[in-house]
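**Student:** here is the input, now give the coordinates:
(chains A and B)
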Amino acid sequence: EAQVTQNPRYLITVTGKKLTVTCSQNMNHEYMSWYRQDPGLGLRQIYYSMNVEVTDKGDVPEGYKVSRKEKRNFPLILESPSPNQTSLYFCASSSGGGSSYEQYFGPGTRLTVT
Amino acid sequence: GNSVTQMEGPVTLSEEAFLTINCTYTATGYPSLFWYVQYPGEGLQLLLKATKADDKGSNKGFEATYRKETTSFHLEKGSVQVSDSAVYFCALSGFGTGGGNKLTFGTGTQLKVEL
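**Tutor:** Predicted structure coming up:
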């Protein structure tokens, strides 16, 4: 089954404790991205990657890092989480970088930073 | 920059009622337009899309027409069901930061359908 998986689905952590949220897709997609969803703000792009070793900032990259060492994986790293990073995070992938391509979303990771 | 405005919710309807969720956008060039749906506890799923002016996207009884003259992409369904209860996001994709297919989302509209 074609899918995007994320782990963990739920995470409660404390300020400053480094964490990684994993994302993996089995569709051989080149394009992957991370979004955060906050009430009243919709989803906003954090980082994206157009292929292995090619990453760039989205609209809200501060406090986050990413890497793309393999085509299927795109982890999101919070080096020193803060409470304002409490949010619902989604990973997405698509087969191309053109505007008409459908993006496939993972199930989400709900992160709480205390 | 690009932006999407959609009507605030929640929208509460009785089963078999007609649904409209308004969506307007601001974008440079010719974006593609999408409606995504988020069921409780799940990720977003593409509901329908339109890639050029006057295109009509349709799926599962939902429809939306890409209106360039009014910069709108309103979602409609003739007869909603309880199973349609979800959050609906209007989005556009166009060139700019994030590569060619960065999605710019509206804030989402929660739909509740009651028996």
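
**Student:** for the rest of this, base every contact and every neighbour count on C-alpha atoms.
**Tutor:** Noted.

**Student:** in the helix or strand of chain B at the bottom of the mean pLDDT ranking, which residues are buried?
**Tutor:** None of the helices or strands of chain B scores lower by mean pLDDT, DSSP states H and E than strand B:103-105, at a mean of 90. By 16 or more other Cα atoms under 10 Å in any protein chain shown, the buried positions in strand B:103-105 come out as B:103-105.

**Student:** so what sits opposite residue B:20 in the bridge?
**Tutor:** On the basis of DSSP bridges, residue B:20 is bridged to residue B:76.

**Student:** helices and strands around the helix or strand hosting residue A:44, which ones?
**Tutor:** Element membership for residue A:44, per DSSP states H and E: strand A:42-51. With contacts defined as 3 or more Cα pairs under 8 Å, 6 or more residues apart in numbering or on different chains; DSSP states H and E, the packing partners of strand A:42-51 are strand A:31-38, strand A:54-57, strand B:103-105.

**Student:** recalculate using a threshold of 7 Å.
**Tutor:** In this structure, strand A:42-51 makes packing contacts with strand A:31-38, strand A:54-57, judged by 3 or more Cα pairs under 7 Å, 6 or more residues apart in numbering or on different chains; DSSP states H and E.

**Student:** next, count neighbours for the closest residue in space to residue B:62 that isn't next to it in sequence.
**Tutor:** In this structure, residue B:62 finds its nearest non-sequential neighbour in residue B:77, 4.7 Å apart by Cα to Cα, 6 or more residues apart in numbering or on different chains. Residues near residue B:77, counting by other Cα atoms under 10 Å in any protein chain shown, number 20.

**Student:** so who does residue B:77 touch?
**Tutor:** B:18-20, B:61-63 (Cα atoms under 7 Å, 6 or more residues apart in numbering or on different chains).

**Student:** try 10 Å
**Tutor:** B:16-21, B:58-64, B:84 (Cα atoms under 10 Å, 6 or more residues apart in numbering or on different chains).

**Student:** list the contacts of residue 11.
**Tutor:** No chain was given, so I picked chain A. Here residue A:11 is in contact with A:19, A:21, A:86, A:109-113 (Cα under 10 Å, 6+ apart).

**Student:** wait, I meant chain B there
**Tutor:** Residue B:11 neighbours (Cα under 10 Å, 6+ apart): B:19-21, B:85, B:87, B:109-113.

**Student:** could you list everything it pairs with in the sheet?
**Tutor:** With DSSP bridges as the rule, residue B:11 is bridged to residue B:111.

**Student:** cool, residue A:113 as well?
**Tutor:** Assigned bridge partners for residue A:113, using DSSP bridges, are residue A:13.

**Student:** that one contacts residue A:10, doesn't it?
**Tutor:** No. Residue A:113 is beyond contact range of residue A:10, at 11.3 Å (criterion: Cα atoms under 10 Å).

**Student:** neighbour count: those two, which is higher?
**Tutor:** Neighbour totals were compared for residue A:113 and residue A:10, and residue A:113 leads with 17 against 13 (other Cα under 10 Å).

**Student:** can you give me the neighbour number for residue A:114?
**Tutor:** There are 14 residues near residue A:114, going by other Cα under 10 Å.
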